[in-house]
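Asker: Any chance you could fold what I've pasted below:
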Amino acid sequence: MNLASTPSAGATGPSWVLVVAAVLVSGLLLAGPALRRRYPVAWWLLLGFPAAAFRVVRTWRALMAGCGLAVSRRPALTVVSGLVGNGAPPPLPRVPRPGLIRPTSGGFLLLVRLLPGQVPEDFVKAAPAMAEDWQVHAVRVTSWKPGVVRITASAADPLAAPRVPKQRGPGHLLRVTVGALETGAAWVVDLRRVPHWLIVGATRSGKSTLINALVAGLAPQPVALVGIDCKGGMELSLYEPRLSALATNREQAVRLLAALVDLTLDRMTICRAARVRNIWGLSDKERPVPVVVIVDEIAELFLVASRNEKDEAQAAGTALIRLAQLGAALGVFLVVAGQRVGSDLGPGVTALRAQLGGRVCHRVADPGTAEMALGDLNPDALKAAQAITPEQAGTAVLASGDGWERARSHLITEVEAEAVAAEYAHLTPVLSELHVEAP
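Answerer: Next up, the predicted model:
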């Protein structure tokens, strides 16, 4: 009797496994929407990514053929003669070979080896079709190394509501998390790596919000903040308790910039005496405090209506260029912002732009400003910036010599920025050399 019952008992084992598996899958499907809202990364890794990877594998060959990325295995005349001669079907075309599909926190990436005669631009043109077939928000193609491209897919728009963790404590010196990149990674402004930045954007495009986030991240750090706001201090006066100096008109700005140049030259003398190439080679006791100079509405410095104003504008432009050339090694960093930055403001603006390695372009009101910000770095970045709509406030394209990304700054309101400046006012360094009396 026992022997007869053994097969039936064994037969029920797999059935219970199937039942349990079915219950687990049903539970995941039912809990999917709630899981996606509360734990988007976990939802993506458990449910979203496997489904997306299956779609990539299933559609790959047809997608490559449809986008003109497949190559015949035999010369065209041979194929035609074979069809006419014996009716044999031509061999399947060769398609580029994809690598392992690897998940990210909000998408996936894979490397693809190009076929002979193909270039990365062929895959860039096919990116919209990839996004459509794979049912993802966006696909971006970049060159990985010769003969290989990297395909990065975003399942959803990570810029719709960027979630940046609040910074606790001072963090890394001169390094601030200000928002999120389109890849889902944090948008970090690191002044040690890219020392000078140009930020452009029309009214209500997100430019001021980005400056708020930058100042809020720098305020807890042992750095001096200096403001130049020739619109009477309308923007930067919010941070005045945390500013070591503030110029609110062009006359004050020229004197302050001249003092900053003198400060930089004094630091050069200190480094030369210590036989080091920059202030970071000095000991902690000898190293002077880093200075971050924020210039809001750069056009106000360069617009002229008289001979006297022309001389002031030229002096301001010359001082800014000198600071940009010397400042990185001597602990003086520039963040230059404006609604409109064009070559019509004079040759000084173009010369200054060349020294500002980091660029951020929000929605702008004229194409010349976007061209000034991004045109000399990357034409694709320029096209992406010109596609930003008024509804995408806070969204920007940032570019440097390393490449470009779409990003969105974390929302820091004026009230929050003012509160941060007041909270850390006690950390404001006193730089007596920047307190220049009026003539």
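
Asker: For Val95, which non-adjacent residue is spatially closest?
Answerer: Distances taken as CB to CB, 6 or more residues apart in numbering place Met64 nearest to Val95, at 4.1 Å, with adjacent residues excluded. C-beta here means a position set from N, CA and C on the backbone, and glycine is covered the same way.

Asker: count of residues packed around the one you found?
Answerer: Met64: 22 surrounding residues under other CB atoms under 10 Å.

Asker: quick one: it and Val56 touch, right?
Answerer: No: with contact defined as CB atoms under 8 Å, Met64 does not reach Val56; the gap is 11.4 Å.

Asker: Which other helices and strands does the helix or strand harbouring Glu405 contact?
Answerer: Applying DSSP states H and E as the criterion places Glu405 in strand 403-409. Secondary-structure packing of strand 403-409 (3 or more CB pairs under 8 Å, 6 or more residues apart in numbering; DSSP states H and E): strand 175-181, strand 186-190, helix 207-218, helix 379-386, strand 395-400.

Asker: so can I have a markdown table of those showing mean pLDDT, mean neighbour count and distance to Leu236?
Answerer: Formatted as a markdown table, those follow (pLDDT from 0 to 100; neighbours: other CB atoms under 10 Å; distance: least, CB to CB, whole Å):
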| stretch | mean pLDDT | mean neighbour count | distance to Leu236 |
| --- | --- | --- | --- |
| strand 175-181 | 90 | 21 | 17 |
| strand 186-190 | 90 | 19 | 17 |
| helix 207-218 | 92 | 26 | 8 |
| helix 379-386 | 84 | 19 | 25 |
| strand 395-400 | 88 | 26 | 20 |
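
Asker: out of those, nearest to Gly358?
Answerer: Nearest to Gly358, of all the helices and strands packed on strand 403-409, is strand 395-400, at 5.1 Å by CB to CB.

Asker: quick check: angle from the closest one to helix 207-218?
Answerer: Interaxial angle, strand 395-400 versus helix 207-218 (axes from the mean of the first three to the mean of the last three CA atoms, to 10 degrees): 60 degrees.

Asker: pLDDT weak spots in this structure?
Answerer: The chain contains residues with pLDDT under 70 at 1-14, 17, 19-37, 73-91, 161-171, 343-344, 401, 436-439.

Asker: Just confirm Ile294 is within a strand.
Answerer: Yes: according to DSSP: H, G, I helix; E, B strand; the rest coil, the state of Ile294 is that of a strand.

Asker: mind checking how far it is from Glu309?
Answerer: According to CB to CB, to the nearest Å, Ile294 and Glu309 sit 23 Å apart.

Asker: more crowded one of the two?
Answerer: A count of neighbours by other CB under 10 Å puts Ile294 above the other of Ile294 and Glu309, at 25 against 14.

Asker: now the helices for the stretch 151-300 of the chain?
Answerer: 207-218, 250-274, 299-302 (DSSP state H, counting those that start in this stretch).

Asker: Mind listing residues that contact the first one?
Answerer: By CB atoms under 8 Å, 6 or more residues apart in numbering, the residues outside helix 207-218 that reach it are 167, 171, 174, 176-179, 189, 199-201, 225, 235, 239, 242, 292, 294, 296, 335, 337, 339, 360, 362, 393-394, 396, 409-414, 416-417, 420-421.

Asker: Now a PyMOL select for only the buried ones of those.
Answerer: Filtering these down to the buried ones (16 or more other CB atoms under 10 Å) takes a single PyMOL command:
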select buried, resi 167+174+176+177+178+179+189+199+200+201+225+235+239+242+292+294+296+335+337+339+360+362+393+394+396+409+410+411+412+417+420+421
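
Asker: From the chain's centroid, how far away is stretch 327-335?
Answerer: Stretch 327-335 has its C-alpha centroid displaced from the chain centroid by 21 Å (CA atoms, centre = their mean, to the nearest Å).

Asker: now the end-to-end length of that stretch.
Answerer: 12 Å (CA to CA, to the nearest Å).

Asker: Can you name the residues in contact with that stretch?
Answerer: Here stretch 327-335 has contacts from 174, 191, 195-197, 199, 211, 214, 260, 263-264, 267-268, 271, 277-279, 287-295, 320, 323-324, 326, 356, using CB under 8 Å, 6+ apart.
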